[in-house]
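Trainee: Prediction below, plus the sequence it came from.
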There are 4 protein chains.
Amino acid sequence: MARNGYIPHMYSHETTVRVRYAETDRMGYVYYGTYAQYFEVGRVEAMRSLGFPYLRMEREGVMLPVHDLTVNYHKPAFYDDLLTVRTVIPQLPAVRIRFVYEVRDEHGVLLTDAATTLVFIDRATNKPCRAPAELLEKMGPYFK
Amino acid sequence: MARNGYIPHMYSHETTVRVRYAETDRMGYVYYGTYAQYFEVGRVEAMRSLGFPYLRMEREGVMLPVHDLTVNYHKPAFYDDLLTVRTVIPQLPAVRIRFVYEVRDEHGVLLTDAATTLVFIDRATNKPCRAPAELLEKMGPYFK
Amino acid sequence: MARNGYIPHMYSHETTVRVRYAETDRMGYVYYGTYAQYFEVGRVEAMRSLGFPYLRMEREGVMLPVHDLTVNYHKPAFYDDLLTVRTVIPQLPAVRIRFVYEVRDEHGVLLTDAATTLVFIDRATNKPCRAPAELLEKMGPYFK
Amino acid sequence: MARNGYIPHMYSHETTVRVRYAETDRMGYVYYGTYAQYFEVGRVEAMRSLGFPYLRMEREGVMLPVHDLTVNYHKPAFYDDLLTVRTVIPQLPAVRIRFVYEVRDEHGVLLTDAATTLVFIDRATNKPCRAPAELLEKMGPYFK
């Protein structure tokens, strides 16, 4: 993504999720709480594509609980929709990392946008800590 | 609640939810997306206590999908915690209804606060509509 | 329950769960996988009523993962139904414990019956172990 | 699959699911009730690969609720595992359709096996009905 002389200032990644029957409700919509899982998939796949899977971070003793969540529901998603989740990391993380999400249907229509802040927690001390050096290194080229 | 000469300007209700094993994650915390269900329980029980159950509204042809959600996670909740969800309706609804939530543990410690806006939708037209007259009538005394 | 000269041969407990919107699907039914949570609530409340909460067992280093599950879905449950979950422990546990469940609606109609086997696992060795002595002691009077 | 003179007597399909954080529990395992969703993904993708998506069936007025479920949990699945769900339809459906499932980890180790029976229900009458003719036609070659 850092190509052609263009200097990016963010990291962006897209992945897809297929809506499960379990995730719909009797209105026929995807339940509003289900999107939290789609955002999770979005940020986890964004980190994997960066070369620093979330699981490795946990193995290195850093947890990343969610600090806040904001969601705007524009249009409903339905059963069996193949949704695209676009996840953006708008700035280099310090003690916190921010993710911004857009969920679109197969026609590119925006269904939901959202943002979360997560906090790096040192498992040993249970205190906030700085983002792992390796993660920052992987992210560096996207924020030059 | 509208007693002793005190003139309230909101409707407030408390209910409890017991954290299920299913709702925890490998961090040992309640998963951040699970709270959407607790807020649902909070507002549904608030409406039941008002004398206008959510189900009756659906039967009268009005749906109430969620328009936006904001959550602040202050402290984690854990397996088997008996949480108290306080739900406040801060103003009389028009086409939208706002709910504000606080989730506390058994010691009264605030774990999470949140807010949602929901929109009244006429099932026949699939368009926004005004809050049902009966709901407004039930809520009236709390907003004099 | 062990009273009036009647000698029981099982432990039985009833609890209720209110169906959440999140738990329904676009068919309007409670999703078939949701019942696993209701059975969890049933057995957890059965153990609490026995005086030996599941959480205490985990704190004493014993986990209780599910080994097998069988469910028969007779009739659907719907949004906002207040379901009764009857949980029976049909025999004194050894390395395994069996729970049998019946889920009924407000009219007493049987919606679902099920059974699970769970295995006591010693957290230190990650091997199966015998049921905690205190649990057996609490259960003794029901199986004389 | 119906090739090389081999005459099959079943339909079989494989798909993968990535374990979400939401799907784990405080034991660090995938929650036992979550597998119902994986089996759903398995049978839905099996039907899609047959050329008869589940959604089309619903659009033609036939629902397919689950009648019974049996699961054997051999080994736990963990966060971020890329699981393979193998779904087998062992015989041509009549009023019911049976699916048999195997969930394996990335090393091919069997974690869970299961079976479900689902019933074709005519939405108009809410009564059991025969499998749609088009589905039987698509399945025919696999059961000669």
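Mentor: On my side now, so go ahead.
Trainee: Would you check that A:T87 makes contact with A:G42?
Mentor: Yes. Counting by CB atoms under 8 Å, A:T87 sits close enough to A:G42 to count as a contact (3.8 Å). The C-beta positions use only the backbone N, C-alpha and C, and glycine is treated the same way.
Trainee: Tell me if I'm right that A:P128 and A:T117 touch.
Mentor: No. With contact defined as CB under 8 Å, A:P128 does not count as touching A:T117 (11.8 Å).
Trainee: mind checking how far the residue located most distally from the centre of chain A is from D:Q37?
Mentor: Within chain A, the residue lying farthest from the chain centre (CA atoms, centre = their mean) is A:R26, at 27.4 Å. Look at A:R26 and D:Q37: by CB to CB, to the nearest Å, they are 17 Å apart.
Trainee: ok so, going back, ok but the residue farthest from the centre of chain A is inside a strand, no?
Mentor: No. The assignment for A:R26, made by DSSP: H, G, I helix; E, B strand; the rest coil, is coil rather than a strand.
Trainee: tell me the pLDDT at the residue most central in space within chain A?
Mentor: The centre of chain A sits closest to A:R43, judged by CA atoms, centre = their mean, with a distance of 2.4 Å. For A:R43, the model assigns a pLDDT of 98.
Trainee: quick one: contacts for it?
Mentor: For A:R43, the contact set (CB atoms under 8 Å, 6 or more residues apart in numbering or on different chains) comprises A:Y54, A:T87, A:F99, A:Y101, A:T116, A:L118.
Trainee: What about the second one, how many residues nearby?
Mentor: The reference is to A:T87. A count of nearby residues for A:T87, using other CB atoms under 10 Å in any protein chain shown, gives 25.
Trainee: Helix, strand, or coil at it?
Mentor: Per three-state DSSP, A:T87 ends up strand.
Trainee: Over to the fifth one?
Mentor: A:T116 carries the three-state label strand when classified by three-state DSSP.
Trainee: Could you pull up the residues touching it?
Mentor: A:T116 touches A:F39, A:R43, A:V66, A:H67, A:D68, A:L69, A:T70, A:R98, A:F99, A:Y101, counting by CB under 8 Å, 6+ apart.
Trainee: Inside helices: which ones of those?
Mentor: A:F39, A:R43 (DSSP state H).
Trainee: Mind telling me the two of the contacts of A:T116 farthest from one another?
Mentor: A:H67 and A:Y101 (15.3 Å; CB to CB).
Trainee: These two - which one has more neighbours?
Mentor: Taking other CB under 10 Å, A:H67 and A:Y101 do not tie; A:Y101 has more neighbours (22 against 18).
Trainee: looking at it, A:V119 is touching A:P65, isn't it?
Mentor: Yes. If you go by CB under 8 Å, A:V119 and A:P65 touch, sitting 6.2 Å apart.
Trainee: Looking at these two, which has the bigger crowd around it?
Mentor: The residue with more neighbours, out of A:V119 and A:P65, is A:V119; 18 against 14, by other CB under 10 Å.
Trainee: can you list the residues of chain A near chain B?
Mentor: Within chain A, the positions adjacent to chain B are A:27, A:29, A:31-37, A:40, A:63, A:65-73, A:76 by CB under 8 Å from any CB of the partner chain.
Trainee: at 7 Å instead, please
Mentor: Residues of chain A lying close to chain B (CB under 7 Å from any CB of the partner chain) are A:27, A:29, A:32-33, A:36-37, A:63, A:65-73, A:76.
Trainee: now the helices: where do they sit in chain A?
Mentor: Under DSSP H, chain A gives helices at A:35-50, A:54-59, A:133-139.
Trainee: about what we covered before: would you list the buried entries among the contacts of A:T116?
Mentor: Neighbour counting with 16 or more other CB atoms under 10 Å in any protein chain shown marks A:F39, A:R43, A:V66, A:H67, A:D68, A:L69, A:T70, A:F99, A:Y101 as buried within the contacts of A:T116.
Trainee: Where strands are concerned, which of those count?
Mentor: Judged by DSSP state E, strands contain the following of the buried ones among the contacts of A:T116: A:V66, A:H67, A:D68, A:L69, A:T70, A:F99, A:Y101.
Trainee: The first one contacts A:I121, correct?
Mentor: Translated: A:V66. No. At 11.2 Å, A:V66 does not count as touching A:I121 under the criterion of CB atoms under 7 Å.
Trainee: any idea of the pLDDT on the residue lying closest to A:T84 once chain neighbours are set aside?
Mentor: In space, and not counting its chain neighbours, A:T84 is closest to A:R104: 4.8 Å by CB to CB, 6 or more residues apart in numbering or on different chains. Model confidence at A:R104, given as pLDDT, is 98.
Trainee: Quickly list what A:R104 is bridged to.
Mentor: Going by DSSP bridges, A:R104 is paired in beta bridges with A:T84, A:L110.
Trainee: where's it relative to B:Y38, distance?
Mentor: 28 Å.
Trainee: got any residues that touch both of A:T87 and A:G42?
Mentor: Jointly contacting A:T87 and A:G42 under the rule CB atoms under 7 Å, 6 or more residues apart in numbering or on different chains are A:Y101.
Trainee: how about the residues of chain A that lie near chain D?
Mentor: So chain A meets chain D at A:R20, A:Y21, A:A22, A:Q37, A:E40, A:V41, A:P53, A:L55, A:Y79, A:D80 (CB under 7 Å from any CB).
Trainee: Tabulate those residues (TSV), appending neighbour count and distance to A:L135.
Mentor: Shown next, in TSV, are the residues of chain A next to chain D (neighbours: other CB atoms under 10 Å in any protein chain shown; distance: CB to CB, whole Å):
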residue	neighbour count	distance to A:L135
A:R20	21	30
A:Y21	22	36
A:A22	21	32
A:Q37	19	23
A:E40	24	17
A:V41	20	19
A:P53	15	10
A:L55	16	13
A:Y79	21	36
A:D80	18	35
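Trainee: and which of those residues is nearest B:E134?
Mentor: Using CB to CB, the residues of chain A next to chain D come closest to B:E134 at A:Y79, 32.1 Å.
Trainee: Once you drop chain neighbours, what's closest to the closest one?
Mentor: Nearest to A:Y79 is A:T24, by CB to CB, 6+ apart, at 4.9 Å.
Trainee: Count residues in the vicinity of the one you found, would you?
Mentor: Counted with other CB under 10 Å, A:T24 comes out at 24.
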